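S.K.: got a structure for you, letters missing:
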């Protein structure tokens, strides 16, 4: 069925699909139990529609069959994960909720949707195909690094005075202009905005705070030593944003960097290689 408001061939959301809010906290908490979500975190996310959107699908008895969590990342709605009730598995919940979020992003005037897609997950690859997500960049691994694991000698600068200052400063630190000489960025901007007047792409939001973890959407470094310098410059922001960890995209070929991160208590959070899939309206 066509979404006549936009003219695009998006199936309309069935009546059992809805945006969730604070009133749905208990139902959502029961469904995501065991996944690092406290009541305080859920209440904050369900209340903050500028940063997070939770979409749910209910069963005939009114209970939640599945929920899909998404995060505003620059001009994209980034699909973060589906949670399905054990008794409701095997249906089309992930697809229906993802389509609903895609429609929501379009109506909100965003540039598109995006997601990490696991190279080894047939279900995710099929879902990405149905959503028409276009592969952006090469396969990567995602590493989470605790800032506290950085030796004192690898931390620099003073804590910035505010979150708004921190956002702008982090964008500057992740600028493609950081790479000097003949080297290339290990990971270019994964969510760039379109070029102006035929020029090069303008960088989009290169980092976003997701709960207590800073997610990087670029790694403008040509060598491990450059990564060490970048992390040292980002470390002071940990106190301001109360973020104990940073998530770093690492190319599969960057074995030396993976070993370096492992030596600083970094851990791989992507079970298999992933790539960014994007769909622009």
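M.R.: Structure received. Source: prediction; values computed, not measured.
S.K.: what strand or helix carries the residue of the chain most remote from its centre?
M.R.: What lies farthest from the middle of the chain is residue 61; by C-alpha atoms, centre = their mean that is 32.4 Å. Using DSSP states H and E, residue 61 sits within no helix or strand.
S.K.: so who does residue 70 touch?
M.R.: Going by C-beta atoms under 8 Å, 6 or more residues apart in numbering, residue 70 touches 52, 53, 54, 55, 77, 78, 79, 80, 101, 113. From N, CA and C alone the C-beta is placed, and that goes for glycine too.
S.K.: residues near the residue nearest to residue 52 when sequence neighbours are not counted, how many?
M.R.: Computed as C-beta to C-beta, 6 or more residues apart in numbering, the closest residue to residue 52 that is not its neighbour in sequence is residue 45, at 4.1 Å. Neighbourhood size, residue 45 [other C-beta atoms under 10 Å]: 22.
S.K.: same question for residue 60.
M.R.: 7.
S.K.: quick one, phi psi at it?
M.R.: When read as degrees, to the nearest 10, the backbone of residue 60 gives phi -50, psi -30.
S.K.: wait, residue 219 sits on residue 246?
M.R.: No. Counting by C-beta atoms under 8 Å, residue 219 stays clear of residue 246, with 11.0 Å between them.
S.K.: same for the helix or strand hosting residue 26, what does it pack against?
M.R.: Taking DSSP H and E as the criterion, residue 26 maps to helix 25-31. Contacts defined by 3 or more C-beta pairs under 8 Å, 6 or more residues apart in numbering; DSSP states H and E place helix 25-31 against helix 39-47, strand 52-58, strand 64-73.
S.K.: give the next helix or strand downstream of the longest one.
M.R.: Sequence-wise, the next helix or strand beyond strand 64-73 is strand 76-84, with elements assigned using DSSP H and E.
S.K.: ok, back up a step: how near is the residue nearest to residue 52 to residue 32?
M.R.: For residue 45, the distance to residue 32 (C-beta to C-beta, to the nearest Å) stands at 11 Å.
S.K.: next, residue 91: phi, psi?
M.R.: Note on residue 91: its backbone torsions stand at phi -100, psi -160 [degrees, to the nearest 10].
S.K.: can you pull the buried residues of the helix holding residue 26?
M.R.: Under the neighbour-count criterion of 16 or more other C-beta atoms under 10 Å, helix 25-31 has 25, 27, 28, 29, 31 buried.
S.K.: likewise for stretch 262-270?
M.R.: Across stretch 262-270, burial judged by 16+ other C-beta under 10 Å covers 264, 266, 270.
S.K.: same check, this time on stretch 55-64
M.R.: 55, 56, 57, 58, 64.
S.K.: okay, and the beta partners of the last one?
M.R.: For residue 64, the beta-bridge assignment (DSSP bridges) gives partners residue 58.
S.K.: got a list of what it touches?
M.R.: 24, 27, 28, 30, 31, 56, 57, 58, 85 are the contacts of residue 64 under C-beta under 8 Å, 6+ apart.
S.K.: at 7 Å instead, please
M.R.: Residues near residue 64 by C-beta atoms under 7 Å, 6 or more residues apart in numbering: 27, 28, 31, 56, 58, 85.
S.K.: residue 55 now?
M.R.: Applying C-beta under 7 Å, 6+ apart to residue 55 gives the contacts 17, 19, 20, 67, 68, 97, 100, 101.
S.K.: now do residue 252
M.R.: Going by C-beta under 7 Å, 6+ apart, residue 252 touches 139, 140, 141, 273.
S.K.: report pLDDT for the nearest residue in space to residue 230 that is not next to it in sequence.
M.R.: In this structure, residue 230 finds its nearest non-sequential neighbour in residue 221, 5.8 Å apart by C-beta to C-beta, 6+ apart. As predicted, residue 221 sits at a pLDDT of 91.
S.K.: and residue 221, helix, strand or coil?
M.R.: Under DSSP: H, G, I helix; E, B strand; the rest coil, residue 221 falls in the coil class.
S.K.: run a quick neighbour tally on it.
M.R.: Residue 221 has 24 neighbours, counted by other C-beta under 10 Å.
S.K.: any figure for the gap between it and residue 232?
M.R.: Counting by C-beta to C-beta - residue 221 and residue 232 are separated by 12 Å.
S.K.: give me the pLDDT value at residue 122.
M.R.: Note on residue 122: pLDDT of 93.
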